[in-house]
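# Just to be clear, the model below is a prediction. Sequence and coordinates:
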Amino acid sequence: MKAHVAFLADDALKGRQAGSPEYDIAAAYVAARMQEAGLIPAGDNGTWRQTVPLVAARPLEGTASLTRAGATQPLVAGTDFVGRASLTEADRTVEGEVVFAGYGVVDPTRGVDDYRGLDVSGRIVAVLYGGPPGLNSEVAAHYGNREVKAEIAGKRGAKGIVFIESAAIRATYDFPAIVEAWSGPSMNWTRPGQPRGDGAPQLAAISEAGAAKLFAKSPVSWDRVRKADAAKKPVPTGALGITARFAQRSEIVSLASANVVGKLEGSDPALRGEYVVLTSHLDHIGVGEPVNGDAINNGAMDNAMGIASMLEAARAFRDAGVPPKRSVLFLAVTAEEEGLIGSDYYARFPTVPKGSIVADVNLDMPIMTYRFEDIVAYGADRSSIGPILAKVATADGLKLSPDPAPEESNFVRTDHYSFVKQGVPSVSIDAGRAGPGAAATKEFLDKHYHQPSDDMKLPFDWASARRFAMLNYKLARALADGPRPVWNKGDFFGSLYGTTPAP
């Protein structure tokens, strides 16, 4: 495992940016190690790779203005708003009446519809950034996802969507941080020639100061919205009686990257056509601004360690001598750092029959600098995977702990979520924060996460890394040999996406 991490996190690979030649070297390495572990290629046309066609865009100049009763007022870039690069139009202008739709949530399971009574067809929708209050943290994270908000708006005919700074997002990111994030390049997959999703175009993020201008003299009071949002109460909605114009120039390029796919054939003739998937992202964030003279974000823990754990699990299957009943796919995905792009592409367009994937076990950035005493499993409580994992963990002297930081929305920030959205019961496992875990996790996140110091100088605990890999192997083995995983009865994600709910 140390050899895997050392190679993938070497300076020569320049941070494994998706679409880069160095990422391709990492992909070739992983394919060779999969072959060494006895896997067979399961990518495109009998190869180890599934090509993921990508489009990337960098925002250039952007302007925005508001017109009410014939009077036009510009918004100040970087202060009132920040524009979003377009992946389809180098020079995009969207103009339309603005309708405020609260948090932009439509949740049939709770009878919530922020669009009730609103006509947004051919208009620009404004919504509050982040998830609405009063929901389970994972459900709130789902509805707080910009792609989900844009999809909901698009289905109702909106020509564009803008996101307003909210109390929830402000508690995590101030507006300058949003400006910095939105001012960078964006990326998505294309098929064929168009980016994924049917959502309304994401036009801009708007600050509190910009929102005050947007709502000025409106039938909907910004002061009431802001206070209700801060108090976690329902916010008023409605047409704002104003026309907004957003113009954005973007530099657009096409490129490609690849997922790496290996398969272990199952032994049961009746079950070998079903697949348990182990996922782990191979990409990292490449080369950035120098920190203490070092600009290469090596991504040793994030996520060379996850890849090494997956490869070790593959070797454990080989060494067991007896193949599992179901087949197992080992999937090293690209462009996770750009928004779960590689896993979303595979989950939508798998190289095996789509309905044949029965479970996903994801390995993402296990922090292996301490002897962990517990594990956290995002999504385990939503399907029959949970009790199976609890049994596996208990046998290894580990306890299964609840999410220690639900506000971080980890459930929707890692690759198993792509499979959840395709109806597949899924779980992503982290080392827990019991004992030395809390301090070690904080140390890594505060000082090394997405920094050049995430490299081989970290104090790795390789015995714990091996234990983590074997835990994932044992879970995958149990899923491959046991009953087909099912969603828990009444589970939100199972009801929304699932096709195999529990009876």
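Received the coordinates, thanks.
# which ones are touching residue 146?
With contact taken as C-beta atoms under 8 Å, 6 or more residues apart in numbering, residue 146 is in contact with 163, 202. In short, each C-beta sits where N, CA and C put it, glycine included.
# if I look at it, how far off is residue 479?
32 Å (C-beta to C-beta, to the nearest Å).
# Check residue 366 too.
For residue 366, the distance to residue 479 - C-beta to C-beta - is 19 Å.
# Which one of those two is surrounded by more residues?
Per other C-beta atoms under 10 Å, whichever of residue 366 and residue 479 has more neighbours is residue 479, with 28 against 25.
# how would you label that one: helix, strand or coil?
helix (DSSP: H, G, I helix; E, B strand; the rest coil).
# which residues does it contact?
Here residue 479 is in contact with 276, 326, 358-359, 361, 385, 388, 485 (C-beta under 8 Å, 6+ apart).
# Same question for residue 31.
41, 48-49, 260, 262.
# That one: which element?
helix 21-36 (DSSP states H and E).
# now what about whichever helix or strand comes after that helix, what contacts it?
Next along the chain after helix 21-36, taking DSSP H and E as the criterion, comes strand 40-41. If you take C-beta under 8 Å, 6+ apart as the criterion, strand 40-41 is touched by 31, 35, 47-48, 261-265.
# Throw together a PyMOL command that grabs the buried residues out of those.
Selection of buried members from the contacts of strand 40-41 for PyMOL, criterion 16 or more other C-beta atoms under 10 Å:
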select buried, resi 31+48+261+262+263+264
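# Can you tell me which of the contacts of strand 40-41 lies closest to residue 407?
Checking the contacts of strand 40-41 against residue 407 with C-beta to C-beta, the nearest one is residue 261 at 34.1 Å.
# hang on, the closest one is in a strand, isn't it?
Yes. Under three-state DSSP, residue 261 falls within a strand.
# Tell me how far it lies from residue 419.
Taking C-beta to C-beta, one finds residue 261 at 14 Å from residue 419.
# and if you look at residue 62?
Residue 62 is 35 Å from residue 419, by C-beta to C-beta.
# and the residue nearest to residue 333 when sequence neighbours are not counted, what is it in contact with?
Among residues not flanking residue 333 along the chain, residue 342 sits closest, at 3.6 Å (C-beta to C-beta, 6 or more residues apart in numbering). By C-beta under 8 Å, 6+ apart, the contact set of residue 342 is 18, 52, 189, 257, 259, 281, 283, 333-336, 415.
# so when I look at residue 342, I'm seeing a helix, right?
Yes. Under three-state DSSP, residue 342 falls within a helix.
# Is it correct that residue 167 is in contact with residue 233?
No. Using C-beta atoms under 8 Å, residue 167 makes no contact with residue 233, being 11.1 Å away.
# which one of those two has more residues nearby?
Applying other C-beta under 10 Å to residue 167 and residue 233 shows that residue 167 carries more neighbours, namely 18 against 11.
# Contacts only, for the more buried one.
Here residue 167 is in contact with 226, 229-230 (C-beta under 8 Å, 6+ apart).
# quick one: which of these is nearest residue 115?
Nearest to residue 115 among the contacts of residue 167, with distances taken as C-beta to C-beta, is residue 229, at 17.7 Å.
# Could you say which helix or strand holds that closest one?
Counting by DSSP H and E, residue 229 is found in helix 222-230.
# State whether residue 56 and residue 189 are indeed in contact, as I suppose.
No. The criterion here is C-beta under 8 Å, and residue 56 misses it with residue 189 at 10.8 Å.
# Which of these two has more residues huddled nearby?
residue 189 (25 against 20).
# Would you agree the more buried one is in contact with residue 343?
No. At 10.5 Å, residue 189 does not count as touching residue 343 under the criterion of C-beta under 8 Å.
# which residues do these two both contact?
In contact with both residue 189 and residue 343: no residue, using C-beta under 8 Å, 6+ apart.
# Distance of the nearest residue to residue 308 once chain neighbours are set aside relative to residue 366?
Spatially, and ignoring its direct neighbours in sequence, residue 308 is nearest to residue 4 (3.7 Å; C-beta to C-beta, 6+ apart). Distance of residue 4 to residue 366, given as C-beta to C-beta: 13 Å.
# which phi and psi does residue 122 have?
Dihedral pair for residue 122: phi 70, psi 10, per degrees, to the nearest 10.
# So for the closest residue to it other than its chain neighbours, what's the pLDDT?
Excluding its sequence neighbours, the residue lying closest to residue 122 (C-beta to C-beta, 6+ apart) is residue 159, at 5.7 Å. Per-residue pLDDT puts residue 159 at 98.
# tally of neighbours for residue 159?
For residue 159, the count of nearby residues is 19 (other C-beta under 10 Å).
# ok, it - contacts?
So residue 159 contacts 94, 96, 122-124, 200-201 (C-beta under 8 Å, 6+ apart).
# what about it, distance to residue 119?
With C-beta to C-beta as the criterion, residue 159 and residue 119 are 13 Å apart.
# For residue 254, name its beta-bridge partners.
Residue 254 has these beta-bridge partners by DSSP bridges: residue 55.
# neighbours around it, how many?
11.
# From residue 55, how far off is it?
5 Å.
# which sections of the protein are below the confidence cut-off?
Within the chain, the set of residues satisfying pLDDT under 70 comprises 193-198, 499-503.
# Nearest residue to the middle of it?
Residue closest to the average C-alpha location in the chain (C-alpha atoms, centre = their mean): residue 413, at 3.5 Å.
# what sits against that residue?
Counting by C-beta under 8 Å, 6+ apart, residue 413 makes contact with 141, 340.
# Provide the backbone phi and psi angles at it.
phi -110, psi 10.
# Repeat that for residue 188.
According to degrees, to the nearest 10, residue 188 has phi -160, psi 170.
# Identify the bridge partners of it.
residue 55.
# Distance of it relative to residue 86?
11 Å.
# sec struct for the closest residue to residue 247 other than its chain neighbours, please.
Spatially, and ignoring its direct neighbours in sequence, residue 247 is nearest to residue 93 (4.5 Å; C-beta to C-beta, 6+ apart). In three-state terms, and counting by three-state DSSP, residue 93 is strand.
# how about residue 93, what does it touch?
So residue 93 contacts 245-248 (C-beta under 8 Å, 6+ apart).
# Show me how far stretch 41-57 is from its chain's centre.
Its chain's C-alpha centre and that of stretch 41-57 lie 19 Å apart, by C-alpha atoms, centre = their mean, to the nearest Å.
# before we move on, back to that, who wins on neighbours among the contacts of residue 167?
residue 229 leads the contacts of residue 167 on contacts (other C-beta under 10 Å) with 24 neighbours.
# residues touching that residue, list them.
128, 166-168, 235.
# if I look at residue 171, how far off is residue 100?
21 Å.
# Compare these two and say which is more crowded by neighbours.
residue 100 (28 against 10).
# Might you report the residue contacts of that one?
125-127, 215, 220, 225, 237-240.
# now residue 133
Neighbouring residues of residue 133 by C-beta under 8 Å, 6+ apart: 140, 168, 232-233.
# And the residues you listed, which of them are buried?
Buried among the contacts of residue 133 by 16+ other C-beta under 10 Å: 140, 168.
# Now flag whichever of the contacts of residue 133 is closest to residue 270.
The nearest one, if we look at the contacts of residue 133 relative to residue 270 and count by C-beta to C-beta, is residue 140, at 40.5 Å.
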